[in-house]
Structures are given as C-alpha cells and as structure tokens.
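Undergrad: take this sequence and fold it.
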Amino acid sequence: MVGYATLGTNDPERGQAFYDALLELLGAKRLMEIESFVLWGTSLDQAGLALTKPYDGNPASVGNGVMVGLQAPSKEVVDALHARALELGGQDEGAPGPRGDGFYAGYFRDLDGNKLNAFFLG
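TA: As a prediction, the model looks like this:
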C-alpha cells in the first residue's frame with residue numbers, strides 16, 4: 001500500500017553514502033536521483049526509501065513518533081543491517097531480538113536522527 005517513504009537530511013552527500021552502504025544489504029540501489037533527492041529500491045515496482053533536503057528550504061528535522069521499517073528476508077539480515085547502521089555512525093535504539101510472536105527487529109537512527117528498524121516476520 002505504501003509506495004515509498006521519504007526522510008529529510010541536512011547533509012545529502014553524507015546521508016546518501018549512509019543509505020548506499022546500508023541498503024545494499026537488502027539488494028537495493030539508487031533508482032532515481034534528482035538534485036538532492038535520491039530514491040532507493042530493488043526496482044521501480046519495489047521502491048522503498050527516499051532521502052532529500054526539505055523542499056521548503058528549512059532544516060530537516062525528525063518526526064516524533066515517525067519510524068520507517070525495512071523488511072529483511074531473515075533474522076541474520078536484520079542483525080547485519082543493525083550492525084551496519086551503527087558502523088556507519090547511526091545510533092542504537094534497540095538491539096535486534098524478538099519483539100513479539102514471530103516479529104524480530106532491531107532499531108536505529110540514521111545520521112540525521114531519523115528512526116528506522118529492520119524487521120523479519122516469521
């Protein structure tokens with residue numbers, strides 16, 4: 001139902017490098033680049049995440065209560081995504097582990113403070 005999610009950044013080059021290195025673990029690549037906007041996914045049918053400087057010219061800020069979930073194909077990929085995010089300078093928001101019946105997730109913030117999780121259902 002959701003086509004893609006967009007996160008704001010104040011440093012597009014730094015943010016793009018973070019997501020290039022993180023999302024490669026999911027087989028995602030840059031699908032579209034327009035000025036300071038980049039869209040990653042596995043195909044245009046499976047676009048998932050975009051990063052941009054805010055259109056209005058104001059600084060990007062974190063939405064309280066906003067989080068993007070990155071679906072992983074296994075618990076091992078959840079672990080790898082969480083570890084990679086921290087290696088790239090992201091902040092830990094909850095180590096990978098079971099979070100309920102069949103839900104396994106790890107939580108982190110990107111370099112601009114946006115909250116994400118990597119999760120596996122099964």
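Undergrad: wait, is Gly57 part of a strand?
TA: No - counting by DSSP: H, G, I helix; E, B strand; the rest coil, Gly57 is not part of a strand but coil.
Undergrad: correct me, but Pro10 touches Asp112?
TA: One correction, residue 10 is Asn, not Pro. Yes - proximity of Asn10 to Asp112 meets the contact threshold set by C-beta atoms under 8 Å, at 6.2 Å. Every residue, glycine included, has its C-beta placed from N, CA and C.
Undergrad: identify the contacts common to the two.
TA: Ala60 (C-beta atoms under 8 Å, 6 or more residues apart in numbering).
Undergrad: show me which of those two is the more surrounded one.
TA: Per other C-beta atoms under 10 Å, whichever of Asn10 and Asp112 has more neighbours is Asp112, with 18 against 14.
Undergrad: quick one: which helix or strand includes the more buried one?
TA: Using DSSP states H and E, Asp112 falls within no helix or strand.
Undergrad: show me the contacts for it.
TA: When contacts are counted by C-beta under 8 Å, 6+ apart, Asp112 touches 7-11, 15, 60, 62.
Undergrad: give me the phi and psi for it.
TA: Dihedral angles of Asp112 (phi, psi; degrees, to the nearest 10) stand at phi -100, psi 0.
Undergrad: quick one: it from Glu13, how far?
TA: Counting by C-beta to C-beta, to the nearest Å, the gap from Asp112 to Glu13 is 12 Å.
Undergrad: buried stuff in stretch 67-87?
TA: Across stretch 67-87, burial judged by 16 or more other C-beta atoms under 10 Å covers 68, 70, 72, 75, 77-85.
Undergrad: how about a markdown table for those, with distance to Gly122, secondary structure and pLDDT added?
TA: Formatted as a markdown table, these follow (distance: C-beta to C-beta, whole Å; DSSP: H, G, I helix; E, B strand; the rest coil; pLDDT from 0 to 100):
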| residue | distance to Gly122 | secondary structure | pLDDT |
| --- | --- | --- | --- |
| Val68 | 20 | strand | 96 |
| Leu70 | 15 | strand | 96 |
| Ala72 | 10 | coil | 96 |
| Lys75 | 9 | helix | 98 |
| Val77 | 12 | helix | 97 |
| Val78 | 11 | helix | 98 |
| Asp79 | 15 | helix | 98 |
| Ala80 | 17 | helix | 98 |
| Leu81 | 16 | helix | 98 |
| His82 | 17 | helix | 98 |
| Ala83 | 20 | helix | 98 |
| Arg84 | 21 | helix | 98 |
| Ala85 | 22 | helix | 98 |
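Undergrad: great, nothing more from me.
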